[in-house]
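Undergrad: heads up, no residue letters with this:
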């Protein structure tokens, strides 16, 4: 669950940090801004880090970032924290690195959405087929015993009550199949 939340908010965090730091805001102020909220679990992480830094219990921003890398679950979030750590310890060009990471994350996100769309390609047709054709066929099956003569000369059909229960079970199974197809489509959602 944490990994999904990190993935969902990470691109927004990177873009926000990029904008803030491009406009002259320092790293600590950018981390404080993100820690104030709006970015889910990442805001909570940054907020608790800033609280520990204010209290003096963290041992410095570099050590805090290093410890946060251990709790991070998504690779993108670990990469961001590593970039921040490298900037603090080696004074690298953070703004340019954030722009590159943001562009890479956008590409990854676009690919995930395209894959999701491809997997859902046949779902509407399948649901339409099952939802429309299934009940029509079942209705015809239910009407056959009433339309055909029951004198036993051609084909003997089950009783109307039996056919009615078969039709009802068929309709119930149609609904169950449609729900399972919808659930399958929902579980493939990338969560972005």
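TA: Here it is on my side, so go on. If you're wondering where the values come from, they're calculated on a predicted model, not measured in any experiment.
Undergrad: switch to C-alpha atoms for all contacts and neighbour counts from now on
TA: Fine.
Undergrad: Which strands and helices lie in contact with the lengthiest helix in the chain?
TA: In the chain, with assignment by DSSP state H, the single longest helix is helix 160-187. Under the contact definition 3 or more C-alpha pairs under 8 Å, 6 or more residues apart in numbering; DSSP states H and E, helix 160-187 sits against helix 123-147.
Undergrad: residues of the helix it packs on that come out buried?
TA: Within helix 123-147, the residues that count as buried by 16 or more other C-alpha atoms under 10 Å are 123, 127, 130, 131, 134, 135, 138, 139, 142, 145.
Undergrad: what's the closest of those to residue 171?
TA: Closest to residue 171 out of those is residue 135 (6.4 Å), distances taken as C-alpha to C-alpha.
Undergrad: Can you classify the nearest residue to residue 86 once chain neighbours are set aside as helix, strand or coil?
TA: Distances taken as C-alpha to C-alpha, 6 or more residues apart in numbering place residue 92 nearest to residue 86, at 6.8 Å, with adjacent residues excluded. Under DSSP: H, G, I helix; E, B strand; the rest coil, residue 92 falls in the coil class.
Undergrad: Let's have the buried residues of helix 123-147 in CSV, adding distance to residue 7.
TA: Below are those laid out as CSV (distance: C-alpha to C-alpha, whole Å):
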residue, distance to residue 7
123, 26
127, 30
130, 35
131, 35
134, 40
135, 42
138, 46
139, 48
142, 51
145, 58
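Undergrad: Could you find the lowest-pLDDT member of these?
TA: Within the set of the buried residues of helix 123-147, pLDDT is lowest for residue 145 (71).
Undergrad: hang on, the earlier thing: residues of the longest helix of the chain that come out buried?
TA: 163, 164, 167, 168, 170, 171, 174, 175, 178.
Undergrad: Can you name every helix or strand that the helix or strand where residue 9 lies contacts?
TA: Secondary structure assignment for residue 9, by DSSP states H and E: helix 2-22. Counting contacts by 3+ C-alpha pairs under 8 Å, 6+ apart, helix 2-22 packs against helix 27-35, helix 40-55, helix 75-90, helix 94-119.
Undergrad: looking at those, which is closest to residue 10?
TA: Distance to residue 10, taken as C-alpha to C-alpha, is lowest for helix 75-90 among the helices and strands packed on helix 2-22, at 6.6 Å.
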